[in-house]
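Chemist: Pasting the sequence and the predicted model now:
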Amino acid sequence: LITAEEQSRLRESILGVAGLSVGAGIAIGAACSGMSRTMRIADSDAVDTSNLNRLRAGVMDIGQPKVTLAARRIYELDPYANVEPHSAGISEANIGEFYTRGGALSLVFDEIDDFKMKVFMRLEAKARAIPLVMLTNLGDSILIDIERYDTEKDTRPFLGVVDDIVEKITKKQTISHADIVRFSAALIGVE
């Protein structure tokens, strides 16, 4: 489906995946397909029973850091992979390092639960002209958010659907449950 040149570009790309419940599947799928020998993966959580429906993990993996489990699976598929685990997850303090340490990301997947960091991930991707993809389960359907900051310089976070909320989130120290509900409703729709 793709040319040898495109395969080579994919192989040499640096893939970032933040959030390793659904994100672990993305990183492992990329390794299975031979995409991105270098992957930067981030999550501060450990595997819990509530994750077992989304992770290739079993009861014996409960309590293991998600980054450890994802890195192990990637290395099982490609022992020559370069996996850079960020076990502290993504925060305002380390987001720049996640996007740049060891070379700029070529593509980043946002699979984190923290709404405030979802905003900051987009602002960082936009500032660095890096495309961002988010896949979200909505019950029986899926929301796919693709923001091409690399080719569409005027792209706004969340494609402009939640502009006022983005500004509110970046200025607040904490986000209330009501803020999260408003953010979610504006992003995916009430119905």
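Modeler: Yes, it's here. Numbering: from 1, shown residues only.
Chemist: Quick check: next helix or strand after the helix ranked longest in the chain?
Modeler: If you go by DSSP state H, the chain has its longest helix at helix 115-128. Following helix 115-128 in sequence order, the next helix or strand is strand 132-138 (DSSP states H and E).
Chemist: now that next one, how far from the centre of its chain.
Modeler: 9 Å (Cα atoms, centre = their mean, to the nearest Å).
Chemist: Pairing partners for it, with directions?
Modeler: strand 107-110 (parallel), strand 141-147 (antiparallel) (DSSP bridges).
Chemist: Tell me what angle the one helix or strand Asp179 maps to forms with helix 115-128.
Modeler: Asp179 is located in helix 177-188, with elements delineated by DSSP H and E. For helix 177-188 against helix 115-128, the angle by axes from the mean of the first three to the mean of the last three Cα atoms, to 10 degrees is 50 degrees.
Chemist: Could you list the buried residues of helix 177-188?
Modeler: Residues 179-180, 183, 186-187 are the ones in helix 177-188 that count as buried (16 or more other Cβ atoms under 10 Å). Just so you know, the C-beta spots here come from the backbone N, C-alpha and C atoms, and that holds for glycine as well.
Chemist: Tell me which residues are up against it.
Modeler: By Cβ atoms under 8 Å, 6 or more residues apart in numbering, the residues outside helix 177-188 that reach it are 115, 136, 138, 143, 158, 161-162, 165, 168-169, 172, 175.
Chemist: between the residues you listed, which is nearest Arg73?
Modeler: Thr136 (22.1 Å; Cβ to Cβ).
Chemist: contacting residues around the residue lying closest to that closest one once chain neighbours are set aside?
Modeler: Excluding its sequence neighbours, the residue lying closest to Thr136 (Cβ to Cβ, 6 or more residues apart in numbering) is Leu143, at 4.4 Å. Counting by Cβ under 8 Å, 6+ apart, Leu143 makes contact with 134-136, 187-188.
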